[in-house]
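K.L.:
Could you work out the structure for the sequence below:
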Amino acid sequence: MSNFQNLLEKRRTIYQLGKNMDLSKDEIASMIKKAVSEAPSAFHSQSSRIVILFGDEHTKVWDMTEAQLRQIVPADQFEPTKARIDGFRAAFGTVLFFEDQNVVKGLQEQFPLYAANFPKWSQESTAIAQYAVWLLLAESNIGANIQHYNPLIDNDVAKEYGIPESWTLHAQMPFGSIVAGAGEKSHMDEVERFKVFG
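P.N.:
Predicted coordinates:
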């Protein structure tokens, strides 16, 4: 099995994260920037936008998330929700993934024949960027998971970090040292999932 195949297996959803990191903030930020910069996008649009949060700023985004959730989750049912958010807060940092809708609209105007496809292709671009970051983090033994508290936290995030109106938040990725690994991973029967011809 190749190193890349091993890496595909190594990347897992890790929920129990910590702050005991071997790499510096600058090294991690450079890794994330490189992953996103090299991720493919439709028409090489480079529509993905990234905010990387460390320290108090990382904690702040999960404080905002908890505050928003308290407004919609009944108080007597909030404890499991709080425990989940505390898990993300315990991580070393968070990556926020956005897509710049000005890029999407510009491509729709430039290539009207494909106008309906560009929003879908933008979704694919952010998914590829997220996966690329996740793989590079896993390669460095950094655990991560993906969350989607958008649009619940969109306004708070935009106000706090000066996010342009054209940036749409798609995902949040807390990351950190691996406190506890993922459980066993099962796979569907190949017959149900794949067809090979020729």
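
K.L.:
And for stretch 106-124, what's in contact with it?
P.N.:
Stretch 106-124 is contacted by residues Ser41, Ala42, Phe43, Ser45, Ser47, Glu99, Gln101, Val103, Val104, His170 when judged by C-beta atoms under 8 Å, 6 or more residues apart in numbering. In short, each C-beta sits where N, CA and C put it, glycine included.

K.L.:
Could you tell me which of the residues you listed belong to helices?
P.N.:
Counting by DSSP state H, the members of the contacts of stretch 106-124 that fall within helices are Gln101, Val103, Val104.

K.L.:
Relative to Ala116, how far out is the last one?
P.N.:
Okay, so that is Val104. For Val104, the distance to Ala116 equals 11 Å [C-beta to C-beta, to the nearest Å].

K.L.:
Between the two, point out the one with more neighbours.
P.N.:
When neighbours are counted by other C-beta atoms under 10 Å, Val104 and Ala116 differ, and Val104 comes out ahead with 23 against 9.

K.L.:
end to end, how far does stretch 46-59 reach?
P.N.:
In stretch 46-59, first residue to last residue: 28 Å (C-alpha to C-alpha, to the nearest Å).

K.L.:
Just to be sure, Ile85 is in a strand?
P.N.:
No: going by DSSP: H, G, I helix; E, B strand; the rest coil, the assignment for Ile85 is helix, not a strand.

K.L.:
so how far is Glu79 from the residue lying closest to it once chain neighbours are set aside?
P.N.:
Sequence neighbours aside, Glu66 is the residue nearest to Ile85 in space, at 4.7 Å (criterion: C-beta to C-beta, 6 or more residues apart in numbering). According to C-beta to C-beta, Glu66 and Glu79 sit 12 Å apart.

K.L.:
More neighbours: which of these two?
P.N.:
Set side by side, Glu66 and Glu79 show unequal neighbour counts under other C-beta under 10 Å, the larger going to Glu66 at 20 against 10.

K.L.:
Distance from the strand or helix carrying the more buried one to the middle of the chain?
P.N.:
Following DSSP states H and E, the helix or strand that holds Glu66 is helix 55-70. Taking the mean C-alpha point of helix 55-70 and that of its whole chain, the gap between them comes to 16 Å (C-alpha atoms, centre = their mean, to the nearest Å).

K.L.:
Tell me how many other residues crowd Ser177.
P.N.:
The local packing of Ser177 (other C-beta under 10 Å) involves 18 other residues.

K.L.:
That one: what's it in contact with?
P.N.:
Contact criterion C-beta under 8 Å, 6+ apart gives Leu17, Gly18, Lys19, Asn20, Met21, Phe92, Ile142, Gly143 as the residues in contact with Ser177.

K.L.:
my read is it is in a helix, agree?
P.N.:
No: looking at Ser177 with three-state DSSP, it is strand, so not inside a helix.

K.L.:
Next one: the residue nearest to Ile85 from Phe78, what distance?
P.N.:
The spacing between Glu66 and Phe78, counted by C-beta to C-beta, is 9 Å.

K.L.:
Take the biggest helix by length in the chain, keep the C-alpha atoms, and write them as CSV.
P.N.:
The helix that spans the most residues within the chain, counting by DSSP H, is helix 118-139. The C-alpha trace of helix 118-139 is given here as CSV (Å, rounded to 0.1, in the frame of the first residue of the first chain):
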residue,chain,number,x,y,z
PHE,A,118,-20.9,27.5,-10.5
PRO,A,119,-22.7,27.4,-7.1
LYS,A,120,-22.4,23.6,-7.1
TRP,A,121,-18.8,23.8,-8.2
SER,A,122,-18.1,26.2,-5.4
GLN,A,123,-19.5,23.6,-3.0
GLU,A,124,-17.1,21.1,-4.5
SER,A,125,-14.2,23.5,-4.1
THR,A,126,-14.7,24.0,-0.4
ALA,A,127,-15.2,20.2,0.1
ILE,A,128,-11.9,19.5,-1.6
ALA,A,129,-10.1,22.3,0.4
GLN,A,130,-11.5,20.8,3.6
TYR,A,131,-10.3,17.3,2.7
ALA,A,132,-6.9,18.6,1.6
VAL,A,133,-6.4,20.4,5.0
TRP,A,134,-7.7,17.3,6.9
LEU,A,135,-5.2,15.0,5.1
LEU,A,136,-2.3,17.3,5.8
LEU,A,137,-3.2,17.6,9.4
ALA,A,138,-3.6,13.8,9.7
GLU,A,139,-0.2,13.4,8.1
